[in-house]
Structure formats: structure tokens, C-alpha cells
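>>> Quick one, what's the 3D model for this:
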Amino acid sequence: MGNTHATVLILLATMCTLLSGCTKDNDYTVTTGKGRLNIRLIADGSTQDVATRVEETLPDINDFAISVLKGDEVKYSCDKFSQYSDEVLFPIGQYTLKASYGQLHNEGFNKPCFTGLQEFSIEDQKETNVEVTCHLANVKVSATYTESFKKYFSDYSLKVNSEGNSPIQFAKEETRSCYFKPGKLTLTLNLTKRDGGVQSSYQPIVIDNALAQHHYKFNFDVNAGSATVNITFTDRTETVTHTIDVSDGTMRIDPPFFILNGFTSNTALDIKEGKEADHPLSLYLNARSGIEECILTTSSSSLISQGWPAYIDLADLSTDKLQLLQSFGLQLKGLGANKDKIATIDFTNVIPHIEYDNGVLSTFKLVAKDKLKKVNKEEVILAINSLSNQFAVVPPEALPSGSTYIDLVVTLDGKPETIKASCILYGASQDLKCGLLSTEGDGITHHIRVTFPVKITSSTQMTVTCGRKKATFTLSVN
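Numbering: from 1, shown residues only. Sure thing, here's the model as predicted:
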């Protein structure tokens, strides 16, 4: 597959003593056992497609970041290549030159990301020439519309999002390319007809594995006779066409919709970590044309660190995935193999698994798609602000030898019966019996008695937990 366009910017420079913005980990002024390095950077904006239009202006090579690594250790780094100046000597050995521009997670128009790597070796008192070509690390997306399409609809717009990220809107006049991270890409098309002003939102295309250095050019056309929209693009070497029905009768059918129980979309609920919600938090889904997908996108560092998926189709769950979600307390009805038009999704028992995250919200976004490729109009986001339960353990004083219990002071804005303890006995961790002695007037300071199965005669390690939070300390014995 040939490159149809490759705009290349080249800069030849000698990399040396670093100015502001650059770092080094050693003194490279002694000449013995060292050598010089000449760098040639190339920015290649071409894509691996059969036909590619003229690209946007490439970024200036001087703005690329540079790193020189020895193994995994960064020996030199500079925010801008232009900051390298004068002569630098590198100790002999094997290195890797890394050059980059932009951030892959920073998606949008005019936000390309380029990366390049090249291994090289430095020889004693010799000059090494290294060339590194930086290729596009993003997926490029652009959209065009035929005149027939423009005349058929009074208004239209396109939204594209990569997995786990917010959609980026292409206005109908937009001609620029937009840059996304590789992986799953989802397109949402909003259409308004001229006659009668009927409006619908469709999600006609999902690309499961959009590749870096590829340009997906979507062309939108309409067949007025059959009242269909044809969307054509090239995926690698194959031309793909998707068709959606835009007849009046079809467009007037209601899209999928959710009825929310116990929360308002995108309005955060304050819930203490480890506690249950004081009322049900669930959704009712209705899709008159039949449920095809129900995508749940989760942003929650605490849940995801426990194994909860960041992105999943609730209408197409394997047995393992279903059991995983159920282990967190999620309850689903109507989304199995026999899914039809109605389903319920209940998050009530998921809430106690969400941990405090310094004020960062945990969010659950749902998008339902029906058999006509229509998606719900209203944004549906369950947002939880998990409040700290203030769990802490006051370090205990040393125990007398032969003790069979220890009394701990534990701070917890929650149920004291959730406090657990263990210690190392005979070389292995052993769970211990915990009992509440009393709770102080503030309601969060608890006196807990922890009982040992044997007399404690030597110092050991003890751990007190509440959910996934824990305090570990050495229990000293006099």
C-alpha cells in the first residue's frame, strides 16, 4: 500500500549542552570514552491509504520533544528540539533516540501526534549520525457531503468519539481532519429533514480497530428515491458502505429512551464511600425498534482498578463479563440473548464499591442503539461523588507479653462492623475477631477490641481494613 502524500520537514542539528527546558543526568564534558551525536529528524505526515488528500501543515521539527535513553533510563530530555545547542559528548554504549510531538490522548482538530524511535551506538571519540522519522500516531477522520445530501437535509452534524472519550462534533461546514487515538471509533449522525423538520440521531458506524497512520474519510450521500443515506469510507484497502433508512415513517419512530429512577442525569449524588445509596438508582430502557446495543462507559479509577470494565456493551455480554458485573452488584434485566424492546439497569448495589477519589466523580454513561441505528437523544450519566469515610487507625502502644487482645481506636464514618483485622502468626496471615466496645459522641471514633487466638509473645505485623482501605503497622510486644 503506497503513501500518496508525504510532506517531510527535515532539520539537521548537532545535539549538545542543553539549555533551559533540557535535562541530563551526568557530566558529559570529559572526552575520553565518549563520542558525539548528530541528529536528523523527519516528520512524515503521510497515511497508509489508497487515496489521501493534501495534508495540513506539519508541525515544526523544532517543536518536537527529544529524549535519549539508555535502556529504560532517560539520559537526556528536551521539551523542544530547538533548545539543543553546542557540543555534547555521550559515553560509549547503546542508546535509543525518541522524538515526539503532541499527546495521543489530546484529541481534536489540528492536534496530531507524531512519534519516532531509533536505536544507535556511541563509539569512543567518534561522531554518530542518527536519523529518526516521526510518523503519525493518530487516526485521522474527515467528512464530506454530496450536494444531494446537503439539499435533502436542512441541518446535519457528525460526532465522532474514541473509546472512553467525549465525542468531538464536526459542524456541517467542517473541512478539517480530526485526530483520535487508535482503537474503537464510534460515529453519531444527527439529521433534520427539510420537509416537516423531522429530526433523528443515528449511530450507523462503529470501527472496532481503527489504526494509527490511517485516514478515514467518510462521504455522506442520499438516495432520494429510496430515502436512504449511504455512508462510504475506505477501511485499509476495502471500500465500505453503510446504509440507513431516512424515510418519513422511519424517522418519526421514537429513538430509544431511558427513564431514570433516583437520580438526574449528570447531577452528582454525594454518597459516603462504603455506604449504600438511601434509595434505588436504576434506569428503564425502551427501544420501540428493538434493542441492538447498550453501551456503558465508566469513568471511575477505584472501580476500574478493581476490574470493572471502562467500556462494555450490556446487550452483548459473555457469561464471564456478566458474572463480573454481577459480582459488583449490577442488576440487569432484558439485555440477555433474548433481548427485545425493554430492559432495566440497576446500579444500587454497585455504589458501595466506589471509593473516595479526592473529589473526582465516578460516572456511568449509557448510550442505547436500536435496530434502526437510532440512539437516545438525551444524555444519560449517573454521577457519584464518593465522600471520604475518614478511615484511620491510631497507632497502638506496645502490648505486654502474653496478651490475648488489643483495643484499637479507629476513625470511620460508617458501620464499625465493616472493620476487619489480621496479623502474622506462625509465618502466615490470620484473620482476627473484632468487636465494638463503644463509639464516641462524634459518631465516627470507635473503640474496637481485636482478639488473638493465642497469646502474643513477640512483635508482629498487624493490618486493619475497611473495604479496600487498610492500615498496616508493627504491633510491638514488651
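
>>> I'd assumed residue 315 was in contact with residue 332.
No: applying CB atoms under 8 Å as the test, residue 332 and residue 315 come out as separate, 9.3 Å apart. (C-beta placed from N, C-alpha, C; glycine too.)

>>> between these two, who's got more neighbours?
residue 315 (22 against 18; other CB atoms under 10 Å).

>>> Contact partners for residue 465?
By CB atoms under 8 Å, 6 or more residues apart in numbering, the residues touching residue 465 are 419, 420, 421, 422, 471.

>>> give me the beta-bridge partners of residue 199?
residue 192 (DSSP bridges).

>>> follow-up on the earlier one: just checking, which of the contacts of residue 465 belong to strands?
Among the contacts of residue 465, DSSP state E puts 419, 420, 421, 422, 471 in strands.

>>> Show me the domain layout of the protein.
Domain assignment of the chain by automatic domain parsing yields the ranges 8-136, 140-252, 257-387, 392-475.

>>> So what's the gap between the third one and the chain middle?
A distance of 17 Å separates the C-alpha centroid of domain 257-387 from that of its chain, computed with CA atoms, centre = their mean, to the nearest Å.

>>> repeat for the first one
When C-alpha coordinates are averaged (CA atoms, centre = their mean), domain 8-136 and its chain have centres 28 Å apart.

>>> Please apply the same query to the last one.
In terms of CA atoms, centre = their mean, the centre of domain 392-475 is found 37 Å from the chain centre.

>>> pLDDT (mean, whole number) over that domain?
The average pLDDT within domain 392-475 is 95.

>>> right, and residue 214 touches residue 142 too?
No: with contacts counted by CB under 8 Å, residue 214 stays clear of residue 142, the gap being 11.8 Å.

>>> Residue 417 against residue 435, yeah?
No: contact criterion CB under 8 Å: residue 417 and residue 435 do not qualify, at 9.3 Å.

>>> if we can go back for a sec, redo the contacts of residue 465 as a markdown table? Include neighbour count and distance to residue 163.
As requested, the contacts of residue 465 are exported to a markdown table (neighbours: other CB atoms under 10 Å; distance: CB to CB, whole Å):
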| residue | neighbour count | distance to residue 163 |
| --- | --- | --- |
| 419 | 22 | 39 |
| 420 | 16 | 37 |
| 421 | 23 | 41 |
| 422 | 19 | 39 |
| 471 | 17 | 37 |
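
>>> In TSV, list those residues along with distance to residue 185.
Converted to TSV, the contacts of residue 465 look like this (distance: CB to CB, whole Å):
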residue	distance to residue 185
419	47
420	45
421	49
422	47
471	45
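
>>> Which one of the residues you listed is nearest to residue 71?
Minimum distance to residue 71 across the contacts of residue 465 is 36.9 Å, recorded for residue 471 (CB to CB).

>>> So what pairs up with that closest one in the strands?
Counting by DSSP bridges, residue 471 is bridged to residue 464.

>>> in the stretch 101-250 of the chain, which spans are strands?
For the stretch 101-250 of the chain, the strands defined by DSSP state E, counting those that start in this stretch occupy 108-109, 114-122, 127-136, 139-145, 153-162, 168-170, 178-180, 183-193, 199-210, 214-223, 228-235, 238-245.

>>> from those strands, which stretch is densest packed?
Greatest average neighbour count among these goes to strand 178-180 (a mean of 23), per mean count of other CB atoms under 10 Å.

>>> Could you list the paired strands of that strand along with their orientation?
In the sheet, strand 178-180 lines up with strand 108-109 (antiparallel), strand 139-145 (antiparallel) (DSSP bridges).

>>> what inclination does the last one have with respect to strand 183-193?
Here strand 139-145 runs at 20 degrees with respect to strand 183-193, directions being taken by axes from the mean of the first three to the mean of the last three CA atoms, to 10 degrees.

>>> got the angle between strand 139-145 and strand 199-210?
Per the same axes, to 10 degrees, the angle that strand 139-145 makes with strand 199-210 is 150 degrees.

>>> How about residues contacting strand 139-145?
47, 53, 112, 156, 158, 160, 162, 170, 172, 174-182, 185, 210-212, 214-221.

>>> gap between that strand and the chain center?
Distance of strand 139-145 from the chain centroid (CA atoms, centre = their mean) equals 23 Å.

>>> quick thing: my sequence starts at 802, can you match it?
Yep, numbering from 802; the last one is strand 940-946 now.

>>> could you give me the average pLDDT of that strand?
Taken as a whole, strand 940-946 has a mean pLDDT of 96.

>>> For it, C-alpha coordinates in CSV please.
The C-alpha atoms that make up strand 940-946 are tabulated as CSV, following Å, rounded to 0.1, in the frame of the first residue of the first chain:
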residue,chain,number,x,y,z
VAL,A,940,-6.2,8.0,13.5
LYS,A,941,-7.3,10.8,11.1
VAL,A,942,-11.0,11.4,10.4
SER,A,943,-12.6,13.7,7.9
ALA,A,944,-16.1,14.1,6.5
THR,A,945,-17.6,15.2,3.1
TYR,A,946,-21.2,15.6,2.0
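
>>> what angle do that strand and strand 954-963 make?
If you take the same axes, to 10 degrees, strand 940-946 sits at 170 degrees to strand 954-963.

>>> Could I get the full set of helices for this structure?
Listed in chain order, the helices of the chain (DSSP state H) span 948-953, 1049-1053, 1102-1106, 1120-1128.

>>> Flag the shaky bits of the stretch 802-951 of the chain, pLDDT-wise.
Applying pLDDT under 70 to the stretch 802-951 of the chain flags the ranges 802-823, 825-832, 850-857, 886-887.

>>> can we see that at 80?
802-833, 849-857, 885-889 (pLDDT under 80).

>>> before we move on, what about the stretch 952-1101 of the chain?
Across the stretch 952-1101 of the chain, the ranges flagged by pLDDT under 80 are 996-998, 1036-1038.

>>> before we move on, back to that, can I get the strands paired with strand 979-981 in JSON lines including distance to residue 967?
JSON lines is the format used below for the strands paired with strand 979-981 (distance: least, CB to CB, whole Å):
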{"stretch": "strand 909-910", "distance to residue 967": "10"}
{"stretch": "strand 940-946", "distance to residue 967": "15"}
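
>>> So which of these is nearest residue 1201?
Taking CB to CB, strand 909-910 is the member of the strands paired with strand 979-981 nearest to residue 1201, at 65.6 Å.

>>> Now do the same contact list for the nearest residue to residue 1246 once chain neighbours are set aside.
Nearest residue to residue 1246 in three dimensions, chain neighbours excluded: residue 1212, at 5.7 Å (CB to CB, 6 or more residues apart in numbering). By CB under 8 Å, 6+ apart, the residues touching residue 1212 are 1191, 1192, 1193, 1194, 1195, 1245, 1246, 1247.

>>> Tell me what residue 1212 is bridged to.
Under DSSP bridges, the beta-bridge partners of residue 1212 are residue 1193, residue 1246.

>>> Now do it against residue 1190, distance only.
Using CB to CB, to the nearest Å, we find residue 1212 at a distance of 9 Å from residue 1190.

>>> quick revisit: what sits in contact with each of residue 1133 and residue 1116?
Taking CB under 8 Å, 6+ apart as the criterion, residue 1133 and residue 1116 both touch residue 1144.

>>> In CSV: the strands of the stretch 902-1051 of the chain, plus distance to residue 1278.
Formatted as CSV, the strands of the stretch 902-1051 of the chain follow (distance: least, CB to CB, whole Å):
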stretch, distance to residue 1278
strand 909-910, 61
strand 915-923, 55
strand 928-937, 61
strand 940-946, 61
strand 954-963, 56
strand 969-971, 62
strand 979-981, 60
strand 984-994, 55
strand 1000-1011, 59
strand 1015-1024, 65
strand 1029-1036, 68
strand 1039-1046, 72
